[in-house]
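S.K.: Have a look; sequence and predicted model below, questions after that.
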Amino acid sequence: MATTINKQRVLSLLLNTADKVGAEPEPRPVLQQFIYGLCRQNATADQADQAFKNLTTRFFDWNEVRVSSPREVEEALAGLTEPEGRAQRLVAFLQEVFETTFSFDLEKLQKAGVKQAAKQLSRYQAADDYIGAWVLQRTLGGHAIPIDAPTLRCARRLGLLEPGQDTPEPARASLEHLVGKSKGPLFTDALSNLAEEHCWESAPNCPNCPMSAECVTAQEGGEALAGVGRTTRAKPR
C-alpha cells in the first residue's frame, strides 16, 4: 500500500507540474496521427511538430510523400533521430495504406471499436507498440500509454515502475493501471518534457528538476547521476 501511495504522490506532482506548461493535444485524423506518432517517438514535441509541418508544407499531399524518394522525405524529417529509417517507414506506410484502401483515409477505424482498430493498426509494417498506443490515446479514445526510450527512462527513475518492468510491454501495462485514461495525454507529455528539460540519459539535471523531492533516483543517488555543479545539458536526449 505504501508503494502505491508513493507512486500516486509522484504522479500527482508530475501532473501538477505539467498542468502549468501543458497544452491540449492537437486533434488529428487517424492517418495523420499515425504519421505524427512516427515523428514523435523518441523526440520532443517541438521536434515532432516541426517534422510534421515540413511534411505538410513541402509536399502537396500524402500521395506526393508516397511517391517521393526516401531521401526527400528524410530531409523533411531532419532534426529527428534516425531520419532515414523514419522516412523509409513513412513511405512504406503510405504505400501500404494506398494499396489497401486506394486512398489516404483511415477514418473507418473510428467506427471499428478500440480493440479492432488497434488490431488493424498493428498490421501495418511501419507500426510498432508506441505508434499504436499513440493513435489509440490521441485519436481513437482508448486508454493507452505510448512508451518510448525517454518515457521508459523517466518512469523508471521516478519509481513509477517496479524492478523488471524495463521493457515497453510490461511498463505500458503498469502505467496504464496507474494513470487514468483522462490523464494519459498529459502524463505522456509531462514525461517527455521532463526527459527533455532535466532527466537526460547521461548526467541528468537532478538538482534543478521539479520532481527531485519525490524522485527515487534523485533521492538515492542524485549527485552521482547529475554531476556536481552541473547546470547545462551535456547532449541531446
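M.R.: On my side now, so go ahead. Numbering: from 1, shown residues only.
S.K.: Find the residue at the geometric middle of this structure.
M.R.: residue 41 (4.8 Å; CA atoms, centre = their mean).
S.K.: Does that residue touch residue 130 like I think?
M.R.: Yes. Contact criterion CB atoms under 8 Å: residue 41 and residue 130 qualify, at 4.9 Å. C-beta here means a position set from N, CA and C on the backbone, and glycine is covered the same way.
S.K.: Domain ranges for this protein, per the record?
M.R.: Structural domains annotated on the chain: 2-21+146-226, 30-138, as defined by automatic domain parsing.
S.K.: Would you mind giving these as a markdown table with mean pLDDT added?
M.R.: Output for the domains of the chain, formatted as a markdown table (pLDDT from 0 to 100):
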| stretch | mean pLDDT |
| --- | --- |
| domain 2-21+146-226 | 88 |
| domain 30-138 | 95 |
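S.K.: Can you give me the pLDDT of residue 23?
M.R.: Predicted confidence (pLDDT) for residue 23: 59.
S.K.: Would you map the helices across this protein?
M.R.: 2-19, 30-40, 45-58, 62-67, 70-76, 83-101, 114-122, 129-138, 149-157, 168-178, 184-197, 216-226 (DSSP state H).
S.K.: Out of those, flag the one nearest residue 107.
M.R.: Nearest to residue 107 among the helices of the chain is helix 30-40 (6.0 Å), distances taken as CB to CB.
S.K.: From the rest of the structure, what touches the closest one?
M.R.: 28, 47-48, 51-52, 55, 62, 77, 80, 86, 89-90, 93, 97, 104-107, 109-110, 117, 121, 124, 126-127, 130-131, 134-135, 138-140, 146 (CB atoms under 8 Å, 6 or more residues apart in numbering).
S.K.: Against residue 25, how distant is residue 49?
M.R.: 12 Å (CB to CB, to the nearest Å).
S.K.: How about residue 56?
M.R.: From residue 56 to residue 25 the distance is 17 Å (CB to CB).
S.K.: Could you give me the buried positions within stretch 162-173?
M.R.: 165, 168, 171-172 (16 or more other CB atoms under 10 Å).
S.K.: could you measure residue 42 against residue 49, distance?
M.R.: Taken as CB to CB, the span from residue 42 to residue 49 is 15 Å.
S.K.: and residue 53, what is it in contact with?
M.R.: Residue 53 neighbours (CB under 8 Å, 6+ apart): none.
S.K.: Kindly report the same for residue 150.
M.R.: 42, 191-192, 195-196, 199, 237.
S.K.: at 10 Å instead, please
M.R.: 41-44, 191-196, 199-201, 237 (CB atoms under 10 Å, 6 or more residues apart in numbering).
S.K.: Check residue 166 too.
M.R.: 152-153, 155-156.
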